[in-house]
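[1] Structure of the sequence below:
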Amino acid sequence: MGRKFAGLRRRGSVWHIEKQIKGYGRIYESCRTSDRGEAEQYYVFRLEQIRQEVLYGKRPEKHFREAATKYLKEHGHLSSIADQARTLKQLDPFIGDLTLQQVHDETLKPFIAHRLSEGVKHKTVNSALGVVRRILTLAARRWRDEQGQTWLETPPLLTMLPLIDTRQPYPLSVDEQQRLFRELPDHLARMALFKVNTGTRDQEVCRLRWDWEVEVPELGTSVFLIPGQHVKNREDRVVVLNEVAHSVVEGCRGDHPEVVFVYRGRPIGKMMSSGWKRARECAADKLEEDTGVPAPFGFRHIRVHDLKHTFGRRLRAAGVSLETRKVLLGHTTGDITSHYSAPELDELIQATGRVCRTKSGKSPALTLLKHRAVT
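    Numbering: from 1, shown residues only. The predicted structure follows:
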């Protein structure tokens, strides 16, 4: 009679181990083979490995998928957790079945090659590698099994890609802004106008809520106080409104009971959409028709985040101090940003007003040095 392999099951074309082991717990993992004989050999190997762990306290071999799942459960409070979850889903076919000891530069090469073939930037790949590095570090320093041993003895050094293809920020000139905004759908044009006058991030604009609005009676205006869990640096952020931003908000009032910016009565998930991409292409084409020269690469591929850079550059051009710029852009300052006196808020509002117009009534001039297109 042949040997029985309880818990060895075939799923599709691949064999898996699904077994409850006394003193250890449930094991569920792929044998990574469609050959029955190879699967049985792996089955015997894993059960002996587990026996050694239970009897002698040998460090168990945890798989990356298990570690990734634990990481997502423990870090659900992060504002970026949805992006990290998507990244781990992309990584899973390449390293999900590997043990933590098997995750290193060589085993990550197929993932890197695949992502680069899809046209993503080095920075995007490095972001994924950073998530892997964080998980391996936690496995080696914090996470422990029933015997008190860490999941991984030592985290490997992961090599990041050189940032040779990083796109530089592209602040818009006043003319470029007008051209772009004319082509945007109405709902995106309102959001873009608000963004370029407040320096808010994409998700801060998309999630902006009416119950975050705070009246400032002394100044006859209002500001928005965004809770820290919705801000990248996790600090409460005050968004002050110049005349343009205030008019945008007033134009949205009454459209939705909870969210400021909506499209067809529903909240907007992100500004970077097919409508944004069509608008920037049309704006670039018309610029070329009017000037007879190719539109700058940065303008034809303008990103939503470039509006924040535009706001910051205009503050600087208007002579706003670095400390004030940091507050207005929502950068970490170490201050309790939700506590401002009326005079302090007035100073911030006056600073944002300087990106609308100067004493002459004109927007502050921006001289942007751009590389001439090579033909």
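
[2] Contact partners for Tyr28?
    16-18 (Cβ atoms under 8 Å, 6 or more residues apart in numbering). (Glycine included, C-beta is placed from N, CA and C.)

[3] Just say helix, strand or coil for it.
    The three-state label given to Tyr28 by DSSP: H, G, I helix; E, B strand; the rest coil is strand.

[4] And it, how far from Leu129?
    Separation of Tyr28 from Leu129 (Cβ to Cβ, to the nearest Å): 27 Å.

[5] count of neighbours near Arg316?
    Counted with other Cβ atoms under 10 Å, residues neighbouring Arg316 total 16.

[6] about what we covered before: could you pick out which of the contacts of Tyr28 are located in strands?
    Those of the contacts of Tyr28 mapping onto strands are 16-18, per DSSP state E.

[7] Adding neighbour count, pLDDT and distance to Gly76, write these out as TSV.
    TSV is the format used below for those (neighbours: other Cβ atoms under 10 Å; pLDDT from 0 to 100; distance: Cβ to Cβ, whole Å):
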residue	neighbour count	pLDDT	distance to Gly76
His16	19	91	28
Ile17	20	89	29
Glu18	13	89	27
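
[8] Let's have those residues in JSON lines, adding distance to Lys308.
    Below are the ones in strands among the contacts of Tyr28 laid out as JSON lines (distance: Cβ to Cβ, whole Å):
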{"residue": "His16", "distance to Lys308": "47"}
{"residue": "Ile17", "distance to Lys308": "50"}
{"residue": "Glu18", "distance to Lys308": "49"}
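
[9] In terms of distance to Gly312, which of these ranks first?
    Among the ones in strands among the contacts of Tyr28, His16 lies closest to Gly312 (Cβ to Cβ), at 52.5 Å.

[10] got the contact list for Ala39?
    8, 15, 31, 33.

[11] Report the buried members of those.
    Buried members of those, counted by 16 or more other Cβ atoms under 10 Å: 8, 15, 31.

[12] got those residues as CSV, with pLDDT columns?
    Shown next, in CSV, are the buried ones among the contacts of Ala39 (pLDDT from 0 to 100):
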residue, pLDDT
Leu8, 89
Trp15, 90
Cys31, 88
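
[13] want to throw those residues into a markdown table with distance to Ile81?
    Output for these, formatted as a markdown table (distance: Cβ to Cβ, whole Å):
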| residue | distance to Ile81 |
| --- | --- |
| Leu8 | 35 |
| Trp15 | 33 |
| Cys31 | 31 |
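
[14] Please, where are all the strands along the stretch 151-300 of the chain?
    For the stretch 151-300 of the chain, the strands defined by DSSP state E, counting those that start in this stretch occupy 213-216, 221-226, 237-239, 262-263, 266-267.

[15] Of these, which is nearest Gly199?
    strand 237-239 (8.4 Å).

[16] what lines up beside that closest one in the sheet?
    Sheet pairing for strand 237-239, assigned by DSSP bridges, gives strand 221-226 (antiparallel).

[17] The partner strand - what's its average pLDDT?
    The average pLDDT within strand 221-226 is 90.

[18] Read off the pLDDT value for the closest residue to Pro110 other than its chain neighbours.
    In space, and not counting its chain neighbours, Pro110 is closest to Phe94: 5.4 Å by Cβ to Cβ, 6 or more residues apart in numbering. With respect to pLDDT, Phe94 scores 96.

[19] Was I right to think Lys286 contacts Glu176?
    No - using Cβ atoms under 8 Å, Lys286 makes no contact with Glu176, being 11.1 Å away.

[20] Look at those two and report which has more neighbours.
    Glu176 (22 against 14).

[21] Contact partners for the more buried one?
    283, 287, 299, 302.

[22] which residues does Thr150 bridge with?
    Applying DSSP bridges to Thr150, the residues it is bridged with are Arg144.

[23] Next up, the contacts around it.
    59, 139-144.

[24] hang on, the earlier thing: which single one of the contacts of Tyr28 is nearest to Thr154?
    Nearest to Thr154 out of the contacts of Tyr28 is Ile17 (Cβ to Cβ; 26.9 Å).

[25] For the closest one, name its beta-bridge partners.
    Counting by DSSP bridges, Ile17 is bridged to Leu8, Glu29.

[26] before we move on, the earlier item: among the buried ones among the contacts of Ala39, which one sits closest to Asp83?
    Cys31 (32.0 Å).

[27] Does that closest one touch Arg11 like I think?
    No - applying Cβ under 8 Å, one finds Cys31 not in contact with Arg11, separated by 10.1 Å.

[28] roughly how far is stretch 6-17 from the heart of the chain?
    37 Å (Cα atoms, centre = their mean, to the nearest Å).

[29] so where's this structure uncertain?
    For the chain, applying pLDDT under 70 flags the ranges 1-3, 23, 54-59, 165, 332-339, 357-375.

[30] Could I get the full set of helices for it?
    36-56, 64-74, 81-95, 105-117, 122-141, 174-183, 186-198, 202-206, 243-252, 274-291, 297-300, 306-317, 322-329, 342-353 (DSSP state H).

[31] What helices and strands are in contact with the fifth one?
    For helix 122-141, the helices and strands in contact under the criterion 3 or more Cβ pairs under 8 Å, 6 or more residues apart in numbering; DSSP states H and E are helix 64-74, helix 81-95, helix 105-117.

[32] measure Ala140 to Gly37 for me?
    Ala140 is 35 Å from Gly37, by Cβ to Cβ.

[33] Have a look at those two and say which one is more surrounded.
    With neighbours defined as other Cβ under 10 Å, Ala140 and Gly37 compare such that Ala140 has more, 16 against 8.

[34] Much appreciated, bye for now.
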